[in-house]
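[1] Generate a structure from the sequence data that follows.
(chains A and B)
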Amino acid sequence: MAASAEMEQDRRSRRSARKPVRYDMRLFVAGDESNSVIAKASLRKICEQYLEGDCHVEVIDVLKDFRPALRENILVTPALIIQSGKGRTVIFGNLTNMDKILTALNLGSEIQS
Amino acid sequence: MTTARKPSYEELESKLCEAQDIIGALRNHEVDAIVGGEHIAVVRLQEVEEALRQAHQQLEQRVVERTEELARVNRQLREIIENQQQAQQKLEQYTRQLRDQAELLDLAHDMIFVHDMEGRIAFWNRGAELAYGWTTEEALGQLSHGLLNTEYSEPLIRITARIIKHGWWEGELVHTTRDGRKVAVASRWALRKHPDGRPAAILEIDNDITDRKRVEQEMAEARQFAENIVNTIQEQLVVLDPHLRVISANRSFHETFGTAAGQVEGREFFSLDEGRWNTPELRTRLDGILPQDTSFEGFEMECHGADGEPKILVLSAQPIRQQTRGAEMILLVIQDITVRKWQERKIETDKEQLSSLTEELMLTEERQRRQIAQSLHDTVGQSLAFAKRELSLLRRRAPGEMDRTLEEVCEQIHDAIQQTRDLTFELSPSILYTLGLQAAIEELAQQFTDSEGFVCQVRGLEESLPLAEQVRSMLYRAIRELLVNVAKHAGARNVGIVLDRDDRNIRILVEDDGKGFDPSVLDGYSRGSGFGIFSVRERLTHIGGNLAIESTEGKGTRITIIAPLDLGQ
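    Alright, predicted model coming up:
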């Protein structure tokens, strides 16, 4: 229990130490399963194409450690938690529905314009 | 202690969106794994899908099996339904049949009703309504023996025991109708059982035999009447079956042969009475009665009765056939003629004695006639002849005034002499004894020709006849009687008398050409009417002769007399 508290403290200290970004995203995947691979590729593409690096992405493999998923109440993978100034948004699936992601990132109107 | 925070609306909405997102991802196959609770490992979706696929296959297999099972159940259900439909049809058919049968039962004249084991009526047909007077509505539920006031031929408990044991009973009962009449019925009962074998009800079929019972009673009385008559008959009557076994015998039979009713029935006839009936001739005759449809009568046989005395019996037998029953029997009539035979023999003896006495009487009579005639001739005749001769001498010497008177006296004496001769001839014609019958008849014929106005001719034999004295006299008087009858009644002009003979008899034919007569009128006369023709016949019969008359009105009369030449024969 004490170890766990330390790990959480460490994670928070490292997060606070890094450069502030607009989007803090955590992608929960299941190894190299097909949808997980697609989701990682899609997220990478979104970060590069629409966020231009103004994001921080953490990929968590639930096959290796499922406890972060339980803590975040993630029931299925792939799942993407987007933490921004507007709050927390969770997107389930392989992130191929670009409109839905952009909407979650509040970028839909920006892209269209 | 912390209390659970109530989630805000935004949180709830966010979770709902997440749930919808999860569902969308699952639906789009965008999910790789499912994360369970702390103690549950992450499940790869492939495994889940594989499990799902297997489950799906199992489900499909299950569905196929279930479908087949359902199909089978469906077929079974269909069969059950079809069976039910067939059963329903059969039930309807059975119901119709039952209705038809019930209607048929109503058509029957017999009284038919059903009662349970306690006697309560459950069915009551039209025949029962008509015969007993209660309607079906009134009868149902009633105790049958109480309603009908039944009189049983045996205790009801015994009848019930019998029907339970054997399933049926039949006998005669007497029911009382609603209006109080007694009805005798031939009743047949049949038991109906429950499927488990317990007695359920009794079907009773009654047939009114009141009339039949009355006829039977009348027949019994008639039979008793006939038996009483048969028992009064003196002849012994025995009825035999085709095997010559005794069926019945009357009282006279038992009295004669010392048996009693019940002792001889069923026994062979020839074994009775120590087998004394068993003669080959009687057996042959009786054996032929039925096969040859013959009869016999007057078969005489001798035996000893129960008292050991010899008996003479006459047996007669004839077949008895009852068309309605097809029965064949033999009626054997045994008549004890011992007394009759004895009487016949006595009569025969008496007759012979009478005949002998008659002959003796005739002979005596004839001798007396001759004696009287002889005396008349010798005394009165001679005296008259002497008186006439003396008177003739006296007349010649007498004075002339007396001649007339003397002549009258002479004529009277002459008449007296003639009457004496006639009387003598009538009493006993001497010619009959001197010259014989034929000469006497010829003289008689001449006398009738001279005095009666018809011509009487005699044709006879050349020889003299060896006739007994009394026969000769009787034949002479018979011929004289016949000639008197011709003179009195026939009005004949010619009479012929022919004498003829054979070795044993003399035959005399007296034939006239008179007016004739109906011989039957003689039936009204009797022997008391005088000497006459009956007396002639009677006397002839006594000596073994005969007299026959042939006559037709308007065609004359022909009378034939036959008499034996020798009375010893």
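
[2] where along the stretch 51-200 of chain B do the helices fall?
    B:126-132, B:136-139, B:144-147, B:156-166 (DSSP state H, counting those that start in this stretch).

[3] Run through who's touching the last one.
    Yep, that's helix B:156-166 we're talking about. B:M117, B:H145, B:Y152, B:W169, B:G171, B:W189, B:L191, B:P199, B:I202 (CB atoms under 8 Å, 6 or more residues apart in numbering or on different chains). Every C-beta, even on glycine, is put in place using the N, C-alpha and C of the backbone.

[4] so what's the first one scoring on pLDDT?
    The predicted local distance difference test score for B:M117 is 88.

[5] and the gap between it and B:I202?
    7 Å (CB to CB, to the nearest Å).

[6] B:D450 now?
    With CB to CB as the criterion, B:D450 and B:I202 are 113 Å apart.

[7] Spatially central residue in chain A, please.
    A:R26 (2.4 Å; CA atoms, centre = their mean).

[8] doesn't A:L80 make contact with it?
    Yes - between A:R26 and A:L80 there is a contact at 7.3 Å, judged by CB atoms under 8 Å.

[9] Low-confidence bits of chain A, can you list those?
    Residue ranges of chain A with pLDDT under 70: A:1-20, A:108-113.

[10] what does it put close to chain B?
    A:28-31, A:33-36, A:62-63, A:66-67, A:69-70, A:74-78, A:88, A:90-94, A:96 (CB under 8 Å from any CB of the partner chain).

[11] can you rerun that using 7 Å?
    Residues of chain A found near chain B (CB under 7 Å from any CB of the partner chain) are A:30, A:33-36, A:62-63, A:66, A:69-70, A:74-78, A:90-94.

[12] for stretch B:6-16, the distance to its chain's centre please.
    128 Å (CA atoms, centre = their mean, to the nearest Å).

[13] List the buried residues of it.
    B:S14 (16 or more other CB atoms under 10 Å in any protein chain shown).

[14] What mean pLDDT does that stretch get?
    The predicted model assigns stretch B:6-16 a mean pLDDT of 80.

[15] ok, that stretch near chain A or not?
    No - Stretch B:6-16 stays clear of chain A (CB under 7 Å from any CB), getting no nearer than 7.9 Å.

[16] Just the CA trace of that stretch, in CSV.
    Coordinates of the C-alpha atoms in stretch B:6-16 are reproduced here as CSV (Å, rounded to 0.1, in the frame of the first residue of the first chain):
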residue,chain,number,x,y,z
LYS,B,6,-24.2,11.4,-4.5
PRO,B,7,-23.0,11.8,-8.2
SER,B,8,-23.9,15.1,-9.9
TYR,B,9,-26.0,15.2,-13.0
GLU,B,10,-22.9,16.0,-15.1
GLU,B,11,-21.2,13.0,-13.8
LEU,B,12,-24.1,10.8,-14.5
GLU,B,13,-24.4,12.2,-18.0
SER,B,14,-20.7,11.7,-18.5
LYS,B,15,-21.0,8.1,-17.4
LEU,B,16,-23.9,7.6,-19.7
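
[17] Comparing B:D450 and B:I202, which shows the higher neighbour count?
    B:I202 (23 against 9; other CB atoms under 10 Å in any protein chain shown).

[18] The strand or helix carrying that one packs against which elements?
    Following DSSP states H and E, one finds B:I202 within strand B:199-208. For strand B:199-208, the elements it packs on are strand B:111-116, strand B:182-193, judged by 3 or more CB pairs under 7 Å, 6 or more residues apart in numbering or on different chains; DSSP states H and E.

[19] ok and the longest one relative to strand B:199-208, angle-wise?
    Using axes from the mean of the first three to the mean of the last three CA atoms, to 10 degrees, the inter-axis angle of strand B:182-193 relative to strand B:199-208 is 150 degrees.

[20] Enumerate the positions of strand B:182-193 that are buried.
    Per 16+ other CB under 10 Å, strand B:182-193 contains these buried residues: B:V183, B:A184, B:V185, B:A186, B:S187, B:R188, B:W189, B:L191.

[21] Redo those as JSON lines? Include distance to chain A.
    Formatted as JSON lines, these follow (distance: CB to the nearest CB, whole Å):
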{"residue": "B:V183", "distance to chain A": "100"}
{"residue": "B:A184", "distance to chain A": "103"}
{"residue": "B:V185", "distance to chain A": "97"}
{"residue": "B:A186", "distance to chain A": "98"}
{"residue": "B:S187", "distance to chain A": "94"}
{"residue": "B:R188", "distance to chain A": "91"}
{"residue": "B:W189", "distance to chain A": "88"}
{"residue": "B:L191", "distance to chain A": "82"}
